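# Sequence first, predicted coordinates after that:
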Amino acid sequence: MLVTLVALDLTMLGSCQPQTTGELPTTLGLRPVRGGEVAYQEGLPVPSFTYQGSRLRLDLAGSWEMEPANFPPSTTFLAPPGRGETLTAQAGGRQATSYDTSGWSRIDIPGSLNPPPGPQSGGAWLRRHFDLASNWTGSAITLKFGAVNYIADVWLNGTYLGFHEGGSTPFAFDVTNYVLQTQSNLLLVRVDNPPWGSRNDIVPWGLADWWNYGGITQPVWLEAHPDLYVVRADVTPHLDSAEISLVLANQSNAPTDASYAISILPAAVTPTNVTDPDPKSQLPADAVPVASDTFDAGKLDPGEVTRSQVSFAFVSPDLWTPQRPALYLLNITVSQAGTAVDDYWDTFGFRTITVDTSAPKLLLNGAPTFFEGAALHDERASNRDPSHPAGGPWGDAADVMHSLGNARAVNLTLIRADHHPPNPWLPLLADRLGFALWEEIPLYHYTPETFNIALRRGIAQQMLAEMVLRDMNHPSVLFHGFANESTGQSGRVQAMQTLRNLDRRLDGTRLTGQAAYGFDTSDRSSDPLDVAGFTFYYGVFYGGGDVAGGTRQALASLHATYPKKPIVVLEFGRWADSPTGEVAQRAVFESTWGALDGERDTTSDGYLGFALWWSLEDYWTTRPGIQVERFGLFRPDGTRRPVADAVATSFQPGAGAGDRGKIRSGGAGQALHQRPGSDIFTAYLLYGVLSTFALLGSILIVMWGFGRRRPKLGGVT
């Protein structure tokens, strides 16, 4: 069995290595290190992008210099090693402080180069000056980008750092040797956002129904850390334990002995701290660890990166659900020669999401669960003008809280987060408020040819890996989606299998799926996935006028096709361009929901895991002839359409109120230390045996005490 597993692992390794088809390669890959394997990008182990309040941080948000540009594709997609030299020549001195930018305009970052209704693509040169305070001296420094759409090339103080492709996921560069401590620094970013439909090797490649916001759409910041530091810490939660995968790095030129202390502490979300990005803000003032221990990391050689696995067993931890989103804090302190040098914080939750194939049913924390929800785009929605949304990508927590307030008002428990990896504020706030999430990569309307191109290049795998690694510790993320309304059978099955294997290798704590067309009830392309997902528009785009009848018949057919998988409906809905359309929109909801509701998997014979309305709010679109898609429960001015009242009445309330619930996590845990010649299974087995005997002893003591205090006849004791 061991030989088989190793062989499978080596086969899967190729699905996430830097690849190229003669042009631009991917940049993320997995490398073996002491203790396991670690994701690397641009020579740097992929770090956590969680806010670290204990480390020095310089936020580069604000006003940047901007010069719009139309770049030739031949240079945008030029492969290394000649890329840096060619693009530096194209920069023409823009990377130098002395370059004349008097004719440039200004742009707020994060933001977009092309807010609607203007052009849907384009590029620019973007510059930002910054200074570092004296307390940064002696630190290692990482430059982090939340997201740049679509291809970014980066220079710091004239040095070309590298590039990144993909519009919604983070990346980073080690800039320790390139920052200046005693004079002004200059950051230059070349951004190109090729038009959708102009080439078939970008993701997404063609027709899409959301706005293509180009530019630096998420925060940019510098983060300092010591030479010996926590790169990332990923938590695999169970109902009675937590496994922590810790990546440490020694960035110095000398070997060092290292140890680390792990503490798991209670968290409490309140209305005053719910939007604070620092995980430590969730720590109650009187909190003490519910589990803690210290571990020896051994000696790290110069430049060495290691991975350690540590497990904590818990008795009665508070479990995360949308109705009661209990969170815990993870604190890791790294010491060098007995002196603490790094302090790392994150949050996580105890929860599991699985499938009972014999039913079939979705099981959240072991219990059958049905989710009611809607889809949501990463776009500012609120606008005084009811004719169109405000537009632009979400810029801060307030933008996301506005949309989640709408979600709470109509009793959603699950949100489909766009067709691409969401703004990181969404999973953070969903964790704290209590919303389950389906997040996905933008393989949208793909064909056998474009599936083959994307996966051969490796860009789809890179996007998935970056999303998975960024959102690993968010308990709200229950589902990973791999494609939307795509065609082809064998090619799609192969693509789904490849992505599912990679997802299992990197994570394995979420369920996998896609959104296939609901009119094809014989579609078997979800065979490799955990759930069978479909979009349903019976009586709207197909199926004649019988909305309820068409929906019921399709559900029954899909259940026959997938008798051991929960069916999940990722879209149903209708547009509403007029008062008459709003009446029809509500009727479509009521008819479709009447057919869906009876098959929910919380009933004895039910098999439907969730159903999502399309969409929560109106949004700008690139679809020809349409400026704004008006499928929303809410109009752009924030008022509710009649369908919103029907949804709020039909859906069960109770989720999304974690900031009001006065939840403080508890329980007690202990580390499971591996003994020489043993393995983690043995440790768990020993823990289980001891726990069982302890439980039996407690029961006997309680029964003995109860027998001594049992009331006599007549109620006299």
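Nice, thanks for sending it over.
# which SSE is Pro427 in?
If you go by DSSP states H and E, Pro427 is part of helix 425-433.
# Now do the contacts for the spatially most central residue of the chain.
Per CA atoms, centre = their mean, the C-alpha nearest to the average position across the chain is that of Asp471, at 3.9 Å. Applying CB atoms under 8 Å, 6 or more residues apart in numbering, we find Asp471 in contact with Pro421, Pro424, Pro427, Glu439, Val477. The C-beta positions use only the backbone N, C-alpha and C, and glycine is treated the same way.
# Next, count neighbours for the nearest residue to Thr521 once chain neighbours are set aside.
Distances taken as CB to CB, 6 or more residues apart in numbering place Ser557 nearest to Thr521, at 3.7 Å, with adjacent residues excluded. Ser557: 14 surrounding residues under other CB atoms under 10 Å.
# What of Glu42?
Residues within reach of Glu42, counting by other CB under 10 Å, total 16.
# thinking it is in contact with Phe173, fair?
Yes: under the criterion of CB atoms under 8 Å, Glu42 makes contact with Phe173 at 5.8 Å.
# Show me whatever sits in contact with both of those two.
Leu161, Gly162.
# Which strands and helices lie in contact with the helix or strand encompassing the residue nearest to Thr521?
Taking DSSP H and E as the definition, Ser557 sits inside helix 547-561. Packing contacts for helix 547-561, counted by 3 or more CB pairs under 8 Å, 6 or more residues apart in numbering; DSSP states H and E, involve strand 532-535, strand 567-572, helix 579-597.
# one more time with 6 Å, if that's ok
Applying 3 or more CB pairs under 6 Å, 6 or more residues apart in numbering; DSSP states H and E, one finds that helix 547-561 makes contact with helix 579-597.
# List the contacts of the helix it packs on.
Contact with helix 579-597 is made by 547-548, 551-552, 572, 574, 576, 611, 641-643, 646, 650, as judged by CB atoms under 6 Å, 6 or more residues apart in numbering.
# Of these, which pair is most distant in space?
Farthest pair in the contacts of helix 579-597 (CB to CB) is Arg552 and Arg641. Separation: 25.4 Å.
# Could you check which of those two has the larger neighbour count?
Arg641 (22 against 18).
# Show the model's pLDDT score for that one.
We have a pLDDT of 97 for Arg641.
# Setting the sequence-adjacent residues aside, check what's closest to it.
Leaving aside its chain neighbours, Arg641 sits nearest to Glu582 (5.3 Å; criterion: CB to CB, 6+ apart).
# Over to Arg83?
Nearest to Arg83 is Phe163, by CB to CB, 6+ apart, at 6.7 Å.
# Just give the number of residues close to that neighbour.
Phe163 has 22 nearby residues by other CB under 10 Å.
# Parallel or antiparallel, list what pairs with the host helix or strand of it.
Taking DSSP H and E as the definition, Phe163 sits inside strand 159-165. Using DSSP bridges, the strands paired with strand 159-165 in its sheet are strand 151-156 (antiparallel).
# Export the strand it pairs with to PDB, keeping only CA atoms.
C-alpha atoms of strand 151-156 as PDB (Å, rounded to 0.1, in the frame of the first residue of the first chain):
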ATOM      1  CA  ILE A 151      -0.700  39.900 -15.600                       C
ATOM      2  CA  ALA A 152       1.600  41.800 -13.400                       C
ATOM      3  CA  ASP A 153       5.300  42.500 -13.700                       C
ATOM      4  CA  VAL A 154       7.100  44.200 -10.800                       C
ATOM      5  CA  TRP A 155      10.200  46.300 -10.300                       C
ATOM      6  CA  LEU A 156      11.600  47.600  -7.000                       C
END
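# Number the chain from 9, please
Right, with 9 as the first residue, what we last looked at is strand 159-164.
# Not counting that strand itself, show me its contacts.
Everything outside strand 159-164 that qualifies as a contact, by CB under 6 Å, 6+ apart, is 84, 95, 103, 169, 171-173, 183, 186, 195-200.
# And it, how far out from the chain middle?
Centroid separation between strand 159-164 and its chain, computed with CA atoms, centre = their mean, to the nearest Å, is 24 Å.
# can you check stretch 38-49 too?
For stretch 38-49, the distance to the chain centre is 21 Å (CA atoms, centre = their mean).
# cool, stretch 259-279 as well?
22 Å.
# repeat for stretch 524-543
23 Å.
# For it, measure first residue to last.
6 Å (CA to CA, to the nearest Å).
# buried sites along that stretch?
Residues 524-529, 531, 533-534, 536-543 are the ones in stretch 524-543 that count as buried (16 or more other CB atoms under 10 Å).
# possible to save the contacts of Asp479 as CSV with distance to Ala398?
Listed next are the contacts of Asp479 as CSV, based on distance: CB to CB, whole Å:
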residue, distance to Ala398
Pro429, 22
Pro432, 20
Pro435, 22
Glu447, 23
Val485, 26
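# which one of these is nearest Asn258?
Pro432 (28.0 Å).
# any low-confidence regions in the protein?
9-30, 681-725 (pLDDT under 70).
# 50 - rerun?
Applying pLDDT under 50 to the chain picks out residues 9-30, 682-725.
# how is it carved up into domains?
Listed domain ranges for the chain are 65-233, 236-359, 361-658 (source: automatic domain parsing).
# So which of those is nearest Gly44?
Of all the domains of the chain, domain 236-359 comes closest under CB to CB, at 4.0 Å.
# how far does the closest one stretch from start to finish?
For domain 236-359, the end-to-end distance is 32 Å (CA to CA).
# what separates that domain from the chain centre, distance-wise?
With CA atoms, centre = their mean as the basis, the mean position of domain 236-359 lies at 19 Å from the chain mean.
# likewise stretch 69-82?
The answer for stretch 69-82 is 27 Å, by CA atoms, centre = their mean.
# cool, and stretch 179-188?
25 Å.
# before we move on, back to that, quick one: contacts of the helix holding Pro435?
277, 282, 405, 408, 412, 425, 445, 479, 482-485, 664, 666-667.
# Output stretch 399-410 as CSV - backbone C-alpha positions only.
These are the backbone C-alpha positions of stretch 399-410, laid out as CSV (Å, rounded to 0.1, in the frame of the first residue of the first chain):
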residue,chain,number,x,y,z
GLY,A,399,-19.3,49.4,-9.7
GLY,A,400,-15.7,48.7,-9.0
PRO,A,401,-14.3,45.8,-7.0
TRP,A,402,-14.9,45.6,-3.3
GLY,A,403,-12.4,48.0,-1.7
ASP,A,404,-12.8,47.4,2.1
ALA,A,405,-14.7,45.6,4.8
ALA,A,406,-17.6,48.0,4.6
ASP,A,407,-18.3,47.1,1.0
VAL,A,408,-18.5,43.4,1.9
MET,A,409,-20.5,44.0,5.0
HIS,A,410,-23.1,45.9,3.0
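# And that stretch, what's buried?
Gly399, Gly400, Pro401, Trp402, Gly403, Ala405, Asp407, Val408, Met409, His410.
# In helices, which of those residues appear?
Counting by DSSP state H, the buried residues of stretch 399-410 place Ala405, Asp407, Val408, Met409, His410 in helices.
# So the closest residue to the second one other than its chain neighbours: helix, strand or coil?
Nearest residue to Asp407, sequence neighbours excluded (CB to CB, 6+ apart): Arg388, at 5.2 Å. Following DSSP: H, G, I helix; E, B strand; the rest coil, we place Arg388 in the coil state.
# isn't Arg388 right up against Ala398?
Yes: counting by CB atoms under 6 Å, Arg388 does reach Ala398; the two are 4.2 Å apart.
# Those two: which has the busier surroundings?
Arg388 (24 against 17).
# what about the more buried one, distance to Ala652?
19 Å (CB to CB, to the nearest Å).
# quick one, strands of the stretch 109-258 of the chain?
Remark: strands assigned in the stretch 109-258 of the chain by DSSP state E, counting those that start in this stretch are 113-117, 130-138, 148-153, 159-164, 167-173, 179-182, 193-201, 228-233, 236-245, 249-258.
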